[in-house]
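J.: give me coordinates for this.
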Amino acid sequence: MSSICVYVKSEDVKKHLASSLRSIEGLKDRFTFYGKTLTIMTGNIVEVVADAIVNASNTQLILGSGVSGAIRQKVGPRLQEEMSLIAEKRQLKPGDVVLTGSYDLITCKYIIHAATADGSERSVARAVANCMKICGNNNIASVAFPALGTGTGGLPMPDCARITIERIMS
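T.: Alright, predicted model coming up:
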């Protein structure tokens, strides 16, 4: 893993996160930790070019709204069909992750679906750690994370950012 993007909802959150990291690394929106480049960005995650993007999912693997909705609009029904088959075979718990292809989403090869809809700090921490494991096991060199747990789950953005950075660095 050499490149990680973290997508946040607003410039204010981006500035807050970047200022928190400046004491560790003196750059503006790009930081290097243990050979990994972390970039903080705003925008639509389905437009980022990376080996994989992370989808904030639920334990039923149903593409709903937010990041899931943006992905569903880009790729059509085939992804949901695959996710439904996975959900029939495997009961996901909060923090579990599942790897699928990207179908018609041409900006990445894979989508990692992270069950974080409950918004708990524990599930987000587990999901980020599990995403990093999946990336390592599948030679995924670059991955883009949304602000996991902050939508339906209601996790405060600063908590999400702190947890994500801690898990990426560990």
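
J.: name the single longest helix found in this protein.
T.: Across the chain, the longest stretch assigned as helix under DSSP state H is helix 121-137.

J.: what lines up beside whatever helix or strand comes next after that helix in the sheet?
T.: Using DSSP states H and E, the helix or strand that directly follows helix 121-137 along the chain is strand 142-145. Using DSSP bridges, strand 142-145 pairs in its sheet with strand 3-8 (parallel), strand 52-57 (parallel).

J.: by mean pLDDT, show me the worst of these.
T.: Lowest mean pLDDT of the strands paired with strand 142-145: strand 3-8, a mean of 56.

J.: what comes up buried for stretch 78-96?
T.: By 16 or more other C-beta atoms under 10 Å, the buried positions in stretch 78-96 come out as 79-80, 82-83, 87, 92, 94-96. In this view, the C-beta of every residue, glycine as well, is placed from N, C-alpha and C.

J.: which one of those residues is nearest residue 124?
T.: If you rank the buried residues of stretch 78-96 by distance to residue 124 using C-beta to C-beta, residue 95 comes first, at 7.5 Å.

J.: any idea how far that closest one is from residue 76?
T.: For residue 95, the distance to residue 76 (C-beta to C-beta, to the nearest Å) stands at 28 Å.

J.: show me where this protein has helices.
T.: According to DSSP H, the helices that the chain contains are 11-22, 66-75, 77-89, 121-137, 157-169.

J.: dump those into a markdown table; add distance to residue 36 and mean pLDDT as well.
T.: Formatted as a markdown table, the helices of the chain follow (distance: least, C-beta to C-beta, whole Å; pLDDT from 0 to 100):
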| stretch | distance to residue 36 | mean pLDDT |
| --- | --- | --- |
| helix 11-22 | 13 | 61 |
| helix 66-75 | 22 | 91 |
| helix 77-89 | 28 | 95 |
| helix 121-137 | 9 | 96 |
| helix 157-169 | 7 | 86 |
